[in-house]
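K.L.:
I would like to see how this sequence folds:
(chains A, B, C and D)
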There are 2 protein chains.
Amino acid sequence: MNERASGRQADSEQQLRRATMRDVAALSGVSIKTVSRVINGVATVSDELRDRVHKAIAQLDFQPNLAASSLRRTDGATRQIALLLEDVANPFSATLSRAVENVAREHGTLVFAGSLDEDPRRELELVRAATLHRVDGIIIAPAAPDHGYLHREIRTGTPVVFVDRPPRGLAADAVLCTNTEGAREAVLHLADHGHTEIAFLGDEQTISTVSERVAGYRAALAERGLPERPGRVVRDLPSPETAARAVGALLDSEHPPTALFTAQNLVTIGAIHALQERGLHERIAVVGFDDFPMADLLVPRVSVVAQDVLEIGTLAVRRLFERIAGGGAEPREFRVPTTLIPRGSGEISPPA
Amino acid sequence: MNERASGRQADSEQQLRRATMRDVAALSGVSIKTVSRVINGVATVSDELRDRVHKAIAQLDFQPNLAASSLRRTDGATRQIALLLEDVANPFSATLSRAVENVAREHGTLVFAGSLDEDPRRELELVRAATLHRVDGIIIAPAAPDHGYLHREIRTGTPVVFVDRPPRGLAADAVLCTNTEGAREAVLHLADHGHTEIAFLGDEQTISTVSERVAGYRAALAERGLPERPGRVVRDLPSPETAARAVGALLDSEHPPTALFTAQNLVTIGAIHALQERGLHERIAVVGFDDFPMADLLVPRVSVVAQDVLEIGTLAVRRLFERIAGGGAEPREFRVPTTLIPRGSGEISPPA
DNA sequence: CTGTTAGCGCGTTCAA
DNA sequence: TTGAACGCGCTAACAG
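P.N.:
Coordinates of the predicted model:
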C-alpha cells in the first residue's frame, strides 16, 4: 500500500507513493481540512496545530497537488499560462519568452512554450492543447489568418493577449511595436545621409507587419520628396538566401539602389551576405528592422531599428495577468516604440 | 447555472461555463462512462452511441479536462514535462528547447520552460514548481552543486534527465557533449597550423565542463610536445567584457600567444571584440567552443568546435520519454560528438 | 478555531 | 456493450 505496481524506478528500489493531505492529516492527528488551511495560509489555525502539520509535511515531504487543488477551487486557476511563438529558438521569440517568464514567476505560474512555425494548423493544435490543460491565459504571436475561433476560449474564461501581430476577426488585447514609425525613421535616416535611391526588402510573415513597414517606407520617401521607383519594394523573402538573391538582382538592375532598408532580421542577414560577396558592404548603406546578436561585431557594424522586445513581452504578460485577475476593460492595442541604433552601415554616404 | 459570477469577460457578455462530460452525456442520452469511452477511443462502444456522443461533443465544444483525467487515471500522466535551462533566451538553451518541443509534440505533451540563471536556489524553486504541477518528467541543465535532492523525485516517479552538465551526488541519465575531445581537436588544429603559443580562455559556469575542456587543451599540447606556459590558462570569465580584458592582458604579456582557444561562447565574442579593437583580428588565430549565430559573417569568419545542440536535446527528451514509459535501465551517460568547423579565424598562421 | 459533508471532472471497478 | 458506484486529491460551505 506504500508502493505502486510500476516499473518506473531507475534501479531496484521500490517506487514510493507520494504523500497526500490525508497522510499529513493522519500523521499530525488533525483533519484533512486543517492541513488544507495550513497549506493555504489561512490564519484561523492555532499555532500548535500549525506546527504539528508543518512537521508532518516536512517528515513526509508532502507536496500539494496543484491540479487537484485547482480542480476544486472556485477561481479554477491552474497557475500555468501558454506562450505560443513563431519559434522558441529564434532570438525574438526567445527574448519574449524570457520576459514572460520573469513576470510569470512573480505570480507563481509556469509557462508552456510552443512554436507555431507560421503554420495555422499548428496554432490550432497548440491552443487546443493549452485549453485541455486549462491554462489561465494565453500569449500568442499568431500564425493564423483569422482568430475568431478564440472568441470561445475568451468567453469561457481563458484570456488571450496578442504580441507582435494583431488579432484578426476578434477583439483582444495586443502588444505591437511601432512598425510604421520605425520604418519611416530608418528611411528618413538613410535619406538624410544623402540617399535618394533606397530599396525596401521584406518578408511576408504577416501582411499587417510588412504592410505597416512598407507604409513607413513610403511615408518617408514622400516626406523627402523622393520618388518610389518600380521594383524597389521587394517582399516575400522567407530566408536569408532569397533575400541575398533579391539584393543581387537589385544591384544588377538598371538603377541600382545606394541604400537598403531591410524590414526583417533574416532579410538583413541575407542582404549583408550578398553585399559582402560582392565587396560592397562598405559602399551600400543598410538599415535593418530588428536588432540581432553580433550586429556590432560585423564590419561595418549594422545600424538597425530595434524593437524593445523585453518591454513588449513584459507589457503583454502584465496585461494577461490583469485579465486573469478579472479586469474587464475593453480590449486595447499597445504600441511599444522602436529605437534607431546607428552603428555604421546606415551612415554610409552614396557615391559622389 | 450556465454562467459564473466572475468579472473575467472582456466585454459585457456573460461568461460561459465549460461543458463537462456530464453535459455531453445528458445531451446525447448516454452515461458519463460511455462518453469517457468515446473520448479515450475504447472500442467497445456501438457505432450509434459513438455518433451521438461525437455530435454532442461538437455541439457543446466539449474539451476534456486533462488535469481531472490524470488525477483519476492509473498512470497519473499529466502530459507535461519541465525543461529547466540556464536561460531560455540564450541560443544554446533556445535550440535545446526547440528540440525538446519537437519530440514532446509527438507524445502529445506540453513543455514548461524555465531559466535557472546559474542560481541553485532558482533550481530548487523551479523543480519544486514542476513537481507541484506533477510533470511527467524533467530535463535539466543544472545550476546546483549537488543534486541529491532529486533522488526523492525520481523515486516518486518523476524521471530526470540532465543535459550539458552531469548530475552530482545522484545517479541519473545525462546527455553531454565530448568536451575533452572537442577541445583537444581545436587545439590540435591550431598547433597543426604552426602555433606553439596557444592560450586557453574559459568561463566558470560548471567546473566539470570547463575542466574537461582544459583537459582537452592540455592533452593536445602534450601530444604535440608543446609546453604549457604559466598564465596561459585563464578561467572564470563570466562575460564578454572580462574576456576582452583577459585577452588584452595576454597580448600585453611578455610572451603573447599567437592563437586563442576560447572555451565558451561569450568568451569567444569578448575575445573577438578585443582583437578587433587592437586591429589584430587578422593576425591572431581563434577557435571557439560552441557555434554562434553570425559566426560566418564576421571578418575573419570564426572557426569553432560546434556542439550538436539539436541532437543533445533530442537524445535527452527521447530518453526522458523512455523513462516515463517505464524503462528501468541503469542510468547512462550519453556523449554527443562535436564538430570542428574551419571558417578562417582558426587557420591564421603565426607570424614568421 | 476545527471538523464534517459534499463535490470539482473524470477513470476504474464491477455488475448487469 | 453499457452503467452505477466509488474515489483520485483537494477545497467550499457549513456545522459545531
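
K.L.:
how close does residue A:202 sit to residue B:101?
P.N.:
Distance, residue A:202 to residue B:101, using Cβ to Cβ, to the nearest Å: 28 Å. The C-beta positions use only the backbone N, C-alpha and C, and glycine is treated the same way.

K.L.:
kindly apply the preceding question to residue A:162 instead.
P.N.:
Counting by Cβ to Cβ, the separation of residue A:162 from residue B:101 is 21 Å.

K.L.:
residues from the stretch 101-250 of chain A in reach of chain B?
P.N.:
Contact residues, the stretch 101-250 of chain A versus chain B (Cβ under 8 Å from any Cβ of the partner chain): A:101, A:108, A:110-115, A:128-134, A:152, A:154-157, A:159, A:171-172.

K.L.:
mind doing that once more with 6 Å?
P.N.:
For the stretch 101-250 of chain A, the residues in contact with chain B (Cβ under 6 Å from any Cβ of the partner chain) are A:101, A:110, A:112-113, A:115, A:129, A:131-133, A:154-157.

K.L.:
which of those sit farthest apart?
P.N.:
For those, the farthest-apart pair by Cβ to Cβ is A:101 and A:155; their separation is 27.7 Å.

K.L.:
so where do the helices sit in the stretch 51-200 of chain A?
P.N.:
Under the criterion DSSP state H, counting those that start in this stretch, the stretch 51-200 of chain A contains helices at A:66-72, A:91-106, A:120-132, A:150-155, A:179-192.

K.L.:
dump those helices into CSV; add distance to residue B:85 as well.
P.N.:
Output for the helices of the stretch 51-200 of chain A, formatted as CSV (distance: least, Cβ to Cβ, whole Å):
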stretch, distance to residue B:85
helix A:66-72, 22
helix A:91-106, 10
helix A:120-132, 20
helix A:150-155, 29
helix A:179-192, 31
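
K.L.:
looking at the ones you listed, which is closest to residue B:193?
P.N.:
Ranking the helices of the stretch 51-200 of chain A by proximity to residue B:193 (Cβ to Cβ) places helix A:91-106 first, at 32.5 Å.

K.L.:
show me what that closest one is packed against.
P.N.:
strand A:110-115, helix A:309-324 (3 or more Cβ pairs under 6 Å, 6 or more residues apart in numbering or on different chains; DSSP states H and E).

K.L.:
still on that earlier bit, which one's more surrounded, residue A:101 and residue A:155?
P.N.:
For residue A:101 versus residue A:155, the count of surrounding residues by other Cβ atoms under 10 Å in any protein chain shown is larger for residue A:101: 24 against 16.

K.L.:
the more buried one and residue A:112 touch, don't they?
P.N.:
No - applying Cβ atoms under 6 Å, one finds residue A:101 not in contact with residue A:112, separated by 11.1 Å.

K.L.:
check contacts around the residue in the stretch 151-300 of chain A that chain B sits nearest to.
P.N.:
Using Cβ to the nearest Cβ, the single residue of the stretch 151-300 of chain A nearest to chain B is residue A:294, 3.6 Å away. Counting by Cβ atoms under 6 Å, 6 or more residues apart in numbering or on different chains, residue A:294 touches residue B:294.

K.L.:
and residue A:169, how far from residue A:120?
P.N.:
Counting by Cβ to Cβ - residue A:169 and residue A:120 are separated by 13 Å.

K.L.:
check residue A:198 too.
P.N.:
The gap separating residue A:198 from residue A:120 is 34 Å, by Cβ to Cβ.

K.L.:
now do residue A:312
P.N.:
Per Cβ to Cβ, residue A:312 is found 22 Å from residue A:120.

K.L.:
more crowded one of those two?
P.N.:
Shown here are residue A:312 and residue A:120; by other Cβ under 10 Å, residue A:312 has more neighbours (24 against 13).

K.L.:
I figured the more buried one hits residue A:176, correct?
P.N.:
No - if you go by Cβ under 6 Å, residue A:312 and residue A:176 don't touch, sitting 7.7 Å apart.

K.L.:
pull out the buried residues from stretch A:206-224.
P.N.:
By 16 or more other Cβ atoms under 10 Å in any protein chain shown, the buried positions in stretch A:206-224 come out as A:206, A:209, A:210, A:212, A:213, A:214, A:216, A:217, A:218, A:219, A:220, A:221.
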